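J.: pasted the sequence and its predicted model underneath.
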Amino acid sequence: MNQTHLHLMMVHLPIFGSMIGAFVLIQGIWSKSDTVKMASYSVFILSCLGAIIAYLSGESAEKSVEDLPGVLEYTIHRHEEFATYALAVFAVLGLASIVGFFLTMGKSSMARMYSYMVLLIALVSFGISSRTGYLGGQIRHTELHDAKISGPNISPNDAPSSNSDEQEEEED
């Protein structure tokens, strides 16, 4: 197994872990079960670790695909940029889950309200990790490409630009 394989395996853990953990936390809040809440916090902590591993293995994964035919540098850059946001949000989720775990275990009066905050962070984490995964999928799954970057006349080095009018003026 190489870094690219590790990356592809780990990228799914934050996406599904944040979603499943949110469902478990909702069940824990609804049933008022501290054990279920602590289980959800454990899932979030594992998801955070998966996000860290996925992020750290991303550079090696990039090196293994950047020169493949059909891979657009633009799609790699967008995925990489969004992955930074995902890592930050998962760091917050992981830390909040550790605090939530100990608040719940210690029967703190703040534990119930805190679980709602962690749930909100988990839902944001799910959204950001899903978007990051979608952008990562565009790297090799051409069926996911936006219409503006796909088509028969697009070469692997082409990238859409927000200032394409400026470039056309410079060429004239």
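T.: Arrived safely, thanks for sending. Numbers count the residues shown, from 1 in each chain.
J.: every contact and neighbour count from this point should use C-alpha atoms.
T.: Will do.
J.: off-centre distance for the host helix or strand of Trp30?
T.: Here Trp30 is covered by helix 12-31, with elements defined by DSSP states H and E. Counting by CA atoms, centre = their mean, to the nearest Å, helix 12-31 is centred 15 Å from the centre of its parent chain.
J.: so Leu122 makes contact with Met19?
T.: One correction, residue 122 is Ala, not Leu. Yes: with contacts counted by CA atoms under 8 Å, Ala122 reaches Met19, the gap being 7.5 Å.
J.: spatially central residue in this structure, please.
T.: What sits nearest the mean C-alpha location of the chain, by CA atoms, centre = their mean, is Ser129, with 2.4 Å.
J.: what's near enough to touch that residue?
T.: Ser129 is in contact with 14-15, 83, 86, counting by CA atoms under 8 Å, 6 or more residues apart in numbering.
J.: who has more neighbours, Ala122 and Met19?
T.: Neighbours were counted for Ala122 and for Met19 using other CA atoms under 10 Å; Ala122 has more, 29 against 22.
J.: could I get the pLDDT score of the more buried one?
T.: According to the prediction, Ala122 has pLDDT 97.
J.: tell me which residues of the helix or strand encompassing it come out buried.
T.: Assigned by DSSP H and E, Ala122 falls within helix 111-140. When burial is assessed from 16 or more other CA atoms under 10 Å, helix 111-140 yields the following buried residues: 111-112, 114-115, 118-119, 121-133, 135-140.
J.: list the helices and strands the helix or strand hosting Ala83 packs on?
T.: Per DSSP H and E, Ala83 falls inside helix 73-105. Contact partners of helix 73-105 among helices and strands, from 3 or more CA pairs under 8 Å, 6 or more residues apart in numbering; DSSP states H and E: helix 34-65, helix 111-140.
J.: about what we covered before: the helix holding Trp30 to helix 111-140, inter-axis angle?
T.: Computed by axes from the mean of the first three to the mean of the last three CA atoms, to 10 degrees, the angle separating helix 12-31 from helix 111-140 equals 150 degrees.
J.: for helix 12-31, packing partners?
T.: Judged by 3+ CA pairs under 8 Å, 6+ apart, the packing partners of helix 12-31 are helix 34-65, helix 111-140.
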